[in-house]
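K.L.:
dropping the sequence and predicted coords here.
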Amino acid sequence: MTDTLEAVFRREAGPVTATLIRVLGDVTLAEDAVAEAFAIAAARWPTDGVPPNPGGWIATTARNRAIDRLRRESTRTDRYVAAYRLQADTMDSEPDPELAGLDDFVDVVADDQLRLMFLCCHPALAADVQVALTLRLLGGLETPEIARAFVVPEATLAQRLVRAKRKLRDNHASYRVPDAAELPDRLHAVLTAIYLIFTEGHTASSGEPLTRVDLSAEAIRLARVLVDLMPDEPEAVGLLALLLLTDARRDARVSASGTAVRLSDQDRSRWDAALIAEGHELVRACLRRDQPGPFQIQAAIAAVHADAATADATDWSQIVALYDHLYALRPNAVVALNRAVAVAQLHGPDAGLAALDELDRDVLADYQPFHAARADLLARAGDAGPARAAYDEAIARSGNEAERRFLREQRARLPEPE
Amino acid sequence: MPQFLLSVWHDEDYVVDFSSDEAQRRVRQVSAFNDALQSSGAWVFGAGLHPASSATVVRPSGGEVAMTDGPYAETKEQMGGFWVVEATDFDAALALAGKASTACEGPVEVRPLQG
């Protein structure tokens, strides 16, 4: 396969799969059919050339192969009937012409990707399964690639995907965009899944490198698709802004020796100005909408950081105010933790430690950033002994070598015990 | 239309004595939920169960049938009641389960029926 073919496949995989699920009424049937169609394309396009509408070509070929297969395998006629019936039951009021006339071209419809996003990120599925399903069906990633990215055995991941698709099918999950009443919560689940994909790419949870660029890029791509499909949803715009502003710092986050560099120590000249500019513009657009939400607020916090030419110039009082707003919307321990860190910047380490003491220890017990934050504040407050213990707790809970190197360096800087 | 089993679960033994204020409140709430299910056409069947200590398990054994005293599950979790409902799809069933869970102030499991 040439580079062009590879790029076409990765771009078209999500939209085509999404449309085929609607046309065929079955996720696994659609997945297999798309895989078959890609194989045919890989064999024919090098000689015939890439067709003018590659997505439509793949979708049509996949549809035809799937229906041929259903007709051949008589044990599956009930599935064919079920697929047709499901088709009739969907929100589309007109009967699907494609099933009647197989010569008809299958148009890849933008809305289908939205349907697929909401299906993959169904709240009845565990968060990590939502992420895997999104990467598989919308991202077009192969199961082994996803398994490697999340350091899960391939067989385990494959089984989770099979179970998830079966669960959605057995529970009669509809292939539709949720209606207005359910939309905010359902959209939040989609945004959270995309954010999880990004954070996994941004800070790999195990293994050597601090960042896995592909997953971050995939998350940004999905966030852009979502904004294209739902331009009137400010939270979708907020997520994209947050990802861009965070990704802008990528080159400054790891030192030449492969150690993590925290925000306050980063060389800001290495931040990507174009991503920051785009992020700022999106945040401004969100502010104009005046329909705040958690992702928009997190984007605004990232924008305040991006605005500061140096760490000392950071407007911490604005950041604390934004965290107050975020906590009011999402009162959870991680938000409270990040707020406590900001409070320490504004009012000193003792104030930060007091805020940390109010947090729920049970929830944060295994959360590395909690211990790292405590360690840093204890060190700044002059409590070297407890700081060292806290660094040990953080190091024990870090699954990332670059991060561990940073924590060990910080611990080594502590004054020796008496 | 697809059907789903909604089952209510308790972490330990519960009583069927409905005399407390708390219990009375739940009875009212569940009753209102049942009425809504019936008037919307979602109701197929539903009932509260006597506690697990009232259960008996019957199983095939060497061509005959053997009987043991007590529930099947040896854990302390037990089903307190159930509904069978009709719902257009998964989300509709989950919405009903949400209302059921609020009414009985406890966890409700959603399982699709086969067929």
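P.N.:
Looks like it arrived, so ask away. Numbering: from 1, shown residues only, chains lettered A, B, ... in the order given.
K.L.:
how about residues contacting the helix or strand hosting A:A396?
P.N.:
Element membership of A:A396 [criterion: DSSP states H and E] is helix A:384-397. Residues outside helix A:384-397 that contact it (CB atoms under 8 Å, 6 or more residues apart in numbering or on different chains) are A:366-369, A:371-372, A:374-376, A:378-379, A:404, A:407-408, A:410-411, A:414-415, A:417. (C-beta placed from N, C-alpha, C; glycine too.)
K.L.:
where helices are concerned, which of those count?
P.N.:
A:368-369, A:371-372, A:374-376, A:378-379, A:404, A:407-408, A:410-411 (DSSP state H).
K.L.:
could these go into JSON lines alongside pLDDT and neighbour count?
P.N.:
Listed next are the ones in helices among the contacts of helix A:384-397 as JSON lines, based on pLDDT from 0 to 100; neighbours: other CB atoms under 10 Å in any protein chain shown:
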{"residue": "A:Q368", "pLDDT": "91", "neighbour count": "20"}
{"residue": "A:P369", "pLDDT": "92", "neighbour count": "16"}
{"residue": "A:H371", "pLDDT": "95", "neighbour count": "23"}
{"residue": "A:A372", "pLDDT": "95", "neighbour count": "23"}
{"residue": "A:R374", "pLDDT": "95", "neighbour count": "26"}
{"residue": "A:A375", "pLDDT": "95", "neighbour count": "25"}
{"residue": "A:D376", "pLDDT": "95", "neighbour count": "22"}
{"residue": "A:L378", "pLDDT": "95", "neighbour count": "23"}
{"residue": "A:A379", "pLDDT": "94", "neighbour count": "21"}
{"residue": "A:R404", "pLDDT": "92", "neighbour count": "18"}
{"residue": "A:L407", "pLDDT": "94", "neighbour count": "26"}
{"residue": "A:R408", "pLDDT": "95", "neighbour count": "16"}
{"residue": "A:Q410", "pLDDT": "93", "neighbour count": "19"}
{"residue": "A:R411", "pLDDT": "94", "neighbour count": "19"}
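K.L.:
right, and out of those, which lies closest to B:S61?
P.N.:
Distance to B:S61, by CB to CB, is smallest for A:Q368 among those, at 53.7 Å.
K.L.:
in contact with the closest one: list those residues for me.
P.N.:
Shown in contact with A:Q368 (CB under 8 Å, 6+ apart): A:A394, A:R397, A:S398, A:E403.
K.L.:
which residues in chain B form helices?
P.N.:
Going by DSSP H, chain B shows helices at B:21-40, B:90-104.
K.L.:
tell me which of these sits most buried.
P.N.:
With neighbours defined as mean count of other CB atoms under 10 Å in any protein chain shown, these peak in mean count at helix B:90-104, which reaches a mean of 19.
K.L.:
distance from the chain centre to it, please.
P.N.:
12 Å (CA atoms, centre = their mean, to the nearest Å).
K.L.:
what's the angle between it and helix B:21-40?
P.N.:
Counting by axes from the mean of the first three to the mean of the last three CA atoms, to 10 degrees, helix B:90-104 lies at 150 degrees to helix B:21-40.
K.L.:
near chain A at all, helix B:90-104?
P.N.:
Yes. Using CB under 8 Å from any CB of the partner chain, helix B:90-104 reaches chain A at B:F90, B:D91, B:A93, B:L94.
K.L.:
closest to chain A among those?
P.N.:
Distance to chain A, by CB to the nearest CB, is smallest for B:F90 among the residues of helix B:90-104 next to chain A, at 4.1 Å.
K.L.:
shouldn't that closest one be in contact with A:S174?
P.N.:
Yes. Counting by CB atoms under 8 Å, B:F90 touches A:S174, with 6.9 Å between them.
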